[in-house]
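[1] sequence? don't have it. structure:
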C-alpha cells in the first residue's frame, strides 16, 4: 500500500496535488483504468495594504495662564450667639437691637453683601436682639371741643350763676371756645317745659354770638350753651339761671337847667345863655348811669350826646357848654337813666333856645 503520508507530503495547494497523485497511484494498484489528471490551480492570496493618513503638524501655542483671585480668609465669630433672621429684619436694625454695628456683623458672619439677608438665616450676634413686636397703627381719638361758659349782655349778676335780664334784645356769646365749629344756646323754663333752642352760630369771630329777644312777662329759666366739633362731639356748659324783675327797672324824675328862664313869647321854652349851664336830674333809681342829649329841632338832625354821669354820690348832672349851639334857633334836651340790664327811663324833653 502506498504511504499516504508520502502522498500528502505537502500543505496547501501543494497538498492537493499530492492527494491527486495518490489517488492515481491507488487506482493503478487496484487495476482501475487511469483517470485524466485535472489541471491544477493555485490559490493566491492578495497582500493587504493598510494606508495610514499622516496629520499635518500644527504650531503648538501655550494657553494664557488662569489667574485665580485670592480672597482674604474670613472666619465666623463662633463666640457670638446665633440669631435667626425674622420677617422685616435688616442688618442695620439687627445691629442696633443687639448692641453692635453693621460692619461688625459683616465681619463676624463673613457676609459679602450687607444688604442681602433672608428670613431664617443664622447670624452671629453679640447678644440676642430686642424683639420689636409690630403694633397696629393707632387711630387718633377725636378730641371734644372746649367751652367755659356763656356771656349774657346786658345782664345783672345777682348771685352765683344767677343773672337778671330785662325785656328786650339780649346778646349771648360763648366764652373760651376751642375746637368747635358751631355753638347752640338752649333755654328751659324752670318747673315746666322742655329745652328750647334759642339760636345757633357758626361764626367764631364774634364769639359765636346770637341775639335773644326777651319778651314781657315773668322769666325764670335755665340757660346753657353746647359747643359742637366737626366730628359731632359736643361739650355743654353748666347752666345759669336767668330771670326778669319788673321792680328792677330804672326810674328818673325831672330835668332842670341852671341858669335858664322861660321865653316870654313861649313860656314852655327855656332860654339858655351862651356859655356854661348845669343840667341835672332828680329821682333816679335802679340806674348805673345817666346820659344827657341835645337835638336841633330842624328836620334831618340826629341827637347829640352831651355827656354822662356814673357817679351819683354828688348829685346827677353835667356841665353843658351852649356856645357851639348858639346859632340854633331851637332844640330839645333830655336825660336817660340806664340800668345794668340795659333797661332805661327817660325824662320829658325840654325845648330850649340859646341867646
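    Here it is on my side, so go on. The model shown is predicted, which means the values in this text are computed figures rather than measured ones. Numbering: from 1, shown residues only.
[2] Thought residue 165 was touching residue 213, still the case?
    No: look at residue 213 against residue 165 with CB atoms under 8 Å: they stay out of range, at 10.9 Å. C-beta: built from backbone N, CA, C; applies to glycine.
[3] Give me the more crowded residue out of these two.
    residue 165 (24 against 9; other CB atoms under 10 Å).
[4] Surely residue 110 touches residue 73?
    No: in this structure residue 110 lies outside contact range of residue 73 using CB under 8 Å: 9.4 Å.
[5] More neighbours: those two, which one.
    residue 110 (13 against 6).
[6] Run through the residues that contact that one.
    Applying CB atoms under 8 Å, 6 or more residues apart in numbering to residue 110 gives the contacts 74, 75, 76.
[7] Compile the residues you listed into CSV and extend it with columns for secondary structure and pLDDT.
    Output for the contacts of residue 110, formatted as CSV (DSSP: H, G, I helix; E, B strand; the rest coil; pLDDT from 0 to 100):
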residue, secondary structure, pLDDT
74, coil, 85
75, coil, 86
76, coil, 89
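[8] would you turn the residues you listed into TSV with distance to residue 193?
    As requested, the contacts of residue 110 are arranged in TSV below (distance: CB to CB, whole Å):
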residue	distance to residue 193
74	89
75	91
76	86
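[9] all helices for the protein, in order.
    4-7, 13-29, 91-98, 102-109 (DSSP state H).
[10] Tell me the buried residues in the last one?
    Think helix 102-109. 102, 104, 105, 106, 108, 109 (16 or more other CB atoms under 10 Å).
[11] With respect to residue 243, which of the residues you listed is nearest?
    residue 102 (77.0 Å; CB to CB).
[12] what sits against that closest one?
    Counting by CB under 8 Å, 6+ apart, residue 102 touches 91, 92, 95, 114.
[13] any idea how far residue 107 is from the third one?
    According to CB to CB, to the nearest Å, residue 95 stands 12 Å off from residue 107.
[14] One more: the second one?
    Going from residue 92 to residue 107 by CB to CB gives 15 Å.
[15] now swap in residue 245 and tell me
    91 Å.
[16] pLDDT below threshold where in this protein?
    Along the chain, the model assigns pLDDT under 70 to residues 1-72, 132-141, 341.
[17] quick check: domain ranges of it?
    Using automatic domain parsing, the domain parsing of the chain gives 1-44, 81-125, 149-247, 255-354.
[18] CSV please, covering those domains and showing distance to residue 142.
    Listed next are the domains of the chain as CSV, based on distance: least, CB to CB, whole Å:
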stretch, distance to residue 142
domain 1-44, 123
domain 81-125, 31
domain 149-247, 4
domain 255-354, 40
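[19] so what's residue 280 up against?
    Contacts of residue 280 (CB under 8 Å, 6+ apart): 255, 256, 258, 315, 316, 317.
[20] Which one of the residues you listed is nearest to residue 239?
    For the contacts of residue 280, the minimum distance to residue 239 (CB to CB) is 37.5 Å, reached by residue 316.
[21] Isn't the closest one up against residue 288?
    No: with contact defined as CB under 8 Å, residue 316 and residue 288 do not form a contacting pair (11.5 Å).
[22] So these two - more neighbours on which side?
    The neighbour comparison of residue 316 against residue 288 (other CB under 10 Å) goes to residue 316, with 24 against 14.
[23] got the phi/psi numbers for the closest residue to residue 342 other than its chain neighbours?
    Here the nearest residue to residue 342 in space, its sequence neighbours aside, is residue 154; by CB to CB, 6 or more residues apart in numbering that works out to 3.7 Å. When read as degrees, to the nearest 10, the backbone of residue 154 gives phi -90, psi 160.
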